[in-house]
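Asks: Compute the structure for the input listed below.
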Amino acid sequence: MTNFNIAELANVLLNRWKFIVIFTIGAVVITAGALLFIQPKYTAITKILPGNAVLADKARLFNADIQQLYSFFGSGDDLDRLMSMTSMDTSLKQVIHQFQLIDYYQIQEQDPGLLMYKTIRRFKKDLLLVKTVNNELELSCTHTNKDTAAAIVNFMAEQTAANMQSIWKQQYAKIGIALDSSLADLTNQYQALALSSNNADAIAKTKMGVLLTQIEQFNKLSIETKMAANTTPAAIIVLEKATPPAKISWPDKTVVLPLAALFSCLFSVLLVLVSAKPKRF
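Replies: All right, here's what the predicted structure looks like:
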């Protein structure tokens, strides 16, 4: 069993320090030269907050105290829902078509479905959604064009807001159709009863009174529903709109070059120790 002689190892390294230094400097210079041939990428970030889904209820328009009960800002559940909608493949496909990302990624694939699938996977690698401790959503995108990077995240924020509001409008539209159908049915019943009965029929008059009350209620609900559909609240609140970044995000020379120096130094030390083969190692 051999002993580990630190003094002997230190002596070997001191005798070959020039090789270690030259090897390390050479590796850093080569790395720096290689970075010149790498196309730089930029990362744009936008910060958004979810709107409160509770405010989508029509009561916000007709209840004077609703604004005191609920905040304009959504909860953690609203943020999770927002993140899910933003990252859906359906939403990402719209971004891919809008910014011609299929041509950008240059994926060689003949099948259209598989081509879109691979493009979405590549795009997700350049896309990052982060939920912060302040219940904010940081949406960032990396692209070789700084203006496009900013445009993508801003488009996605607007797209998500529009999709969320569209869902609210669709729900109100369904309710409105059901209310209008019921209103038309009640109106037909009222008119039929009015034509078939005489003025002395007390039962008919009572039924007509009930129908008239229901017609007024349904008509009021129909009007309120349509007003709510036309005035849906903001689905998201943009805290910080993305602007074209001034700094390159990749490659980051302040990170790459020190790492290159560290690993090349360790590698050169290893080469020296292996080649020297001290008697006790």
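
Asks: who's in contact with stretch 87-107?
Replies: 85, 115-116, 118-120, 122-124, 127, 129, 143-144, 148, 151-152, 155-156, 159-160, 163 (CB atoms under 8 Å, 6 or more residues apart in numbering). Any C-beta I mention is one placed from the backbone N, CA and C, and that applies to glycine too.

Asks: again, only using 10 Å
Replies: In this structure, residues lying in contact with stretch 87-107 by CB atoms under 10 Å, 6 or more residues apart in numbering are 84-86, 109, 112, 114-127, 129, 139, 141, 143-145, 148-149, 151-153, 155-156, 159-160, 163.

Asks: Stretch 162-178 too?
Replies: With CB under 10 Å, 6+ apart as the contact definition, stretch 162-178 has outside contacts at 50-51, 53, 55-58, 78, 81-82, 85-86, 88, 90-91, 94, 218, 221-230, 232-236.

Asks: Restricted to strands, list those.
Replies: Helix and strand membership here follows DSSP state E; of the contacts of stretch 162-178, those in strands are Pro50, Ile236.

Asks: Please convert the buried members of the contacts of stretch 162-178 into PyMOL selection syntax.
Replies: Provided next is the PyMOL selection string for whichever of those are buried by 16 or more other CB atoms under 10 Å:
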select buried, resi 50+51+53+55+56+57+58+78+81+82+85+86+91+218+221+222+224+225+226+228+229+232+233+235+236
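
Asks: Out of the contacts of stretch 162-178, which sit inside helices?
Replies: If you go by DSSP state H, the contacts of stretch 162-178 have 78, 81-82, 85-86, 90-91, 94, 218, 221-230 in helices.

Asks: Show the pLDDT at Pro40.
Replies: According to the per-residue confidence, Pro40 scores 92 in pLDDT.

Asks: Equivalent analysis for Val54, please.
Replies: On the pLDDT scale, Val54 is placed at 65.

Asks: any idea which residue sits dead centre in the chain?
Replies: Taking CA atoms, centre = their mean, the centroid of the chain lies closest to Thr86, which sits 4.1 Å from it.

Asks: State the mean pLDDT of the host helix or strand of Ala162.
Replies: Taking DSSP states H and E as the definition, Ala162 sits inside helix 146-196. In this model, helix 146-196 has an average pLDDT of 90.

Asks: how far is that helix from where the chain is centred?
Replies: 24 Å (CA atoms, centre = their mean, to the nearest Å).

Asks: Repeat that for stretch 106-122.
Replies: Its chain's C-alpha centre and that of stretch 106-122 lie 21 Å apart, by CA atoms, centre = their mean.

Asks: quick revisit: ok, the residue nearest to the centre of the chain touching Phe155?
Replies: No - between Thr86 and Phe155 there is no contact, the gap being 11.2 Å when judged by CB atoms under 10 Å.

Asks: how about the helices in the stretch 1-150 of the chain?
Replies: Along the stretch 1-150 of the chain, counting by DSSP state H, counting those that start in this stretch, helices occupy 6-15, 17-35, 59-62, 66-69, 76-86, 89-98, 101-105, 112-125, 146-196.

Asks: and the angle from the last one to helix 89-98?
Replies: Interaxial angle of helix 146-196 relative to helix 89-98 (axes from the mean of the first three to the mean of the last three CA atoms, to 10 degrees): 120 degrees.

Asks: Taking helix 112-125 as reference, get the angle to helix 146-196.
Replies: With the same axes, to 10 degrees as the criterion, the two stretches helix 146-196 and helix 112-125 enclose an angle of 120 degrees.

Asks: what do you get for the fifth one?
Replies: Taking the same axes, to 10 degrees, one finds that helix 76-86 is oriented at 140 degrees with respect to helix 112-125.

Asks: what packs against helix 76-86?
Replies: Helix 76-86 is packed against strand 42-50, helix 89-98, strand 127-131, strand 137-143, helix 146-196, strand 236-240, with contacts defined by 3 or more CB pairs under 10 Å, 6 or more residues apart in numbering; DSSP states H and E.

Asks: what would the ones you listed look like in JSON lines with distance to Leu13?
Replies: As requested, the helices and strands packed on helix 76-86 are exported to JSON lines (distance: least, CB to CB, whole Å):
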{"stretch": "strand 42-50", "distance to Leu13": "41"}
{"stretch": "helix 89-98", "distance to Leu13": "53"}
{"stretch": "strand 127-131", "distance to Leu13": "42"}
{"stretch": "strand 137-143", "distance to Leu13": "41"}
{"stretch": "helix 146-196", "distance to Leu13": "45"}
{"stretch": "strand 236-240", "distance to Leu13": "51"}
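
Asks: Thank you, goodbye.
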